[in-house]
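Enquirer: kindly return the folded structure for what I paste below:
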Amino acid sequence: MKKDAPFTDLRLELMIGNLLRWGVALAAAVVLAGGILYLIQHGAEHADYHDFHGPNGQSNSVSGVLHEAATLHSRGIIQLGLLLLVLTPIARVILSAIGFIMERDWMYLTMTLIVLTVLLYSLMRIP
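Expert: Residues are numbered from 1 along each chain as shown. This is a model prediction of the structure:
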């Protein structure tokens, strides 16, 4: 596709398809890397099925997940991959909004921004 090609619905659909494809592939690769690291670090441990102990750390917030992943904790890397998986459809909605702005389609832009607002609000409600 040429760089100077006009912005069309087909071009937007291709961009969104590639975003979703690469977002899911990246998320899967990060989860896989975290899983392999987890097995390297904890694979030989004996599982205790009598008492449940939740993971320690700050992994219950986005900043906690980013910190855990940056310090190469396997659980943090796995959670980072899951966070990327959740953010992929949000990025798709943002890309759609940009496309509707470029197409000057104000009705679809309004609906897309409402959907984006609901998605972001629902993410903010997660502890």
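Enquirer: skip the chain neighbours and tell me the closest residue to the residue positioned nearest the centre of the chain.
Expert: Central residue of the chain (Cα atoms, centre = their mean): residue 84, 2.1 Å from the mean position. Take residue 84 and drop its neighbours on the chain: the residue closest to it by Cβ to Cβ, 6 or more residues apart in numbering is residue 27, 4.0 Å away. Any C-beta I mention is one placed from the backbone N, CA and C, and that applies to glycine too.
Enquirer: so which helix or strand takes in that neighbour?
Expert: Using DSSP states H and E, residue 27 maps to helix 9-42.
Enquirer: any idea which helix or strand comes after that helix?
Expert: Once helix 9-42 ends, the next helix or strand along the chain (criterion: DSSP H and E) is helix 62-70.
Enquirer: wait, what's in contact with the nearest residue to residue 23 once chain neighbours are set aside?
Expert: Sequence neighbours aside, residue 88 is the residue nearest to residue 23 in space, at 3.2 Å (criterion: Cβ to Cβ, 6+ apart). Neighbouring residues of residue 88 by Cβ atoms under 8 Å, 6 or more residues apart in numbering: 19-20, 23-24, 27.
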